[in-house]
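just to be clear, the model below is a prediction. Sequence and coordinates:
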Amino acid sequence: MIPQLVFYVFATVLLVSATMVITARNPVHSVLFLILAFFNAAGLFLVAGAEFLAMLLVIVYVGAVAVLFLFVVMMLDIDFTQMREGFQRHAPIGACVGGILFVELIMALGNWKMAPDTGIAPLNGAPGLTNTAALGTLIYTHYVLLFQSCGLVLLVAMIGAIVLTLRQTNTGRRQDISKQHARTREDTLVLVDLPLGENVLGNGGFLRPHTSYYENAVPGSYGSGGQAEADKRETGA
């Protein structure tokens, strides 16, 4: 009785939170409801005895993916008024697509029948193995090539996304690592004994490093070239 009650509680909260994800007006609230849905889905996995999938859902999706969504939504300056301007113009197309999907769902549900309850035989793994150990043994033995192939596909997708979005512009400030390592403490740090009661301007103004920060920049990056000459003119070097 208790497992069934827990299942219905988790399932109800999961459905409600999933509905709020797509109906909430505030995108931050949508992400928070998504996190709640992930937690309840993890609870359903625990009820089913799949503790590895439950912890994977919490650690990967809640701890990484959902938090990333939250950061992106909060950092982006989205003008929702501008987004709603084209709603009426695209409403007929959206209504047609929604109507087609609704008809497909009706056809699918009309031909769906409940299979007779013949009982499901559980998979009996090696004695003494937990679900996590059995899953790891299965993936890294029988399906190791497929697992590695999935990793290669994700690696190629990541490299492709970087190549497609990377732009060589002068807005980034990149440092020459060899010059940075060659700098000494005397080039960047000056100890000055200032008397009390006098301001900075009365003691000669702000001090700058002996070598300009921009001289260590990679040629072509932001701040290199003209900025270094401006620093020299300002300091009278």
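Yes, it's here.

the bottom helix or strand of this protein by mean pLDDT?
helix 226-235 (a mean of 54; mean pLDDT, DSSP states H and E).

geometric centre of this structure: which residue is closest?
Leu68 (3.2 Å; Cα atoms, centre = their mean).

so what does the host helix or strand of that residue touch, helix or strand wise?
Assessed by DSSP states H and E, Leu68 sits inside helix 67-75. Using 3 or more Cβ pairs under 8 Å, 6 or more residues apart in numbering; DSSP states H and E, the elements in contact with helix 67-75 are helix 27-47. Every C-beta, even on glycine, is put in place using the N, C-alpha and C of the backbone.

now the helix holding Leu68: buried residues?
Residues of helix 67-75 classed as buried under the neighbour-count rule (16 or more other Cβ atoms under 10 Å) are Phe69, Leu70.

now the helices: where do they sit in this structure?
For the chain, the helices defined by DSSP state H cover 2-23, 27-47, 51-56, 67-75, 80-83, 87-110, 131-139, 144-165, 177-182, 185-188, 226-235.

do I have it right that Ala41 meets Leu14?
Yes. Using Cβ atoms under 8 Å, Ala41 is in contact with Leu14, at 5.9 Å.

neighbour count for those two, which is higher?
Ala41 (22 against 19; other Cβ atoms under 10 Å).

and Ala41, what does it touch?
Phe10, Leu14, Leu57 (Cβ atoms under 8 Å, 6 or more residues apart in numbering).

what about it, distance to Leu57?
Applying Cβ to Cβ, to the nearest Å, the value for Ala41 to Leu57 is 6 Å.

mutual contacts of these two, please.
With Cβ under 8 Å, 6+ apart, Ala41 and Leu57 have no common neighbours.

ok, how many other residues are close to Pro3?
By other Cβ under 10 Å, the residues close to Pro3 number 9.

contacting residues around it?
Applying Cβ under 8 Å, 6+ apart, the residues near Pro3 are Val47.

pLDDT score for it?
Model confidence at Pro3, given as pLDDT, is 79.

quick one: low-confidence ranges for the chain?
The chain contains residues with pLDDT under 70 at 77-87, 114-115, 117-127, 168-174, 200, 202-237.

same thing but 80
1, 3, 74-90, 111-129, 131, 166-177, 179-180, 183-237 (pLDDT under 80).

separation between Ser178 and Tyr140?
From Ser178 to Tyr140 the distance is 42 Å (Cβ to Cβ).

check Val156 too.
22 Å.

could you do Ile59 as well?
Ile59 is 19 Å from Tyr140, by Cβ to Cβ.

next: Ala66.
Going from Ala66 to Tyr140 by Cβ to Cβ gives 28 Å.

repeat for Phe33
Counting by Cβ to Cβ, the gap from Phe33 to Tyr140 is 36 Å.

of the two, which one has the most company?
Phe33 (19 against 11).

could you report the neighbour count for the nearest residue to the more buried one once chain neighbours are set aside?
Counting by Cβ to Cβ, 6 or more residues apart in numbering, Phe33 lies nearest to Met20, which is 4.2 Å off, once chain neighbours are set aside. By the other Cβ under 10 Å criterion, the neighbourhood of Met20 contains 16 residues.
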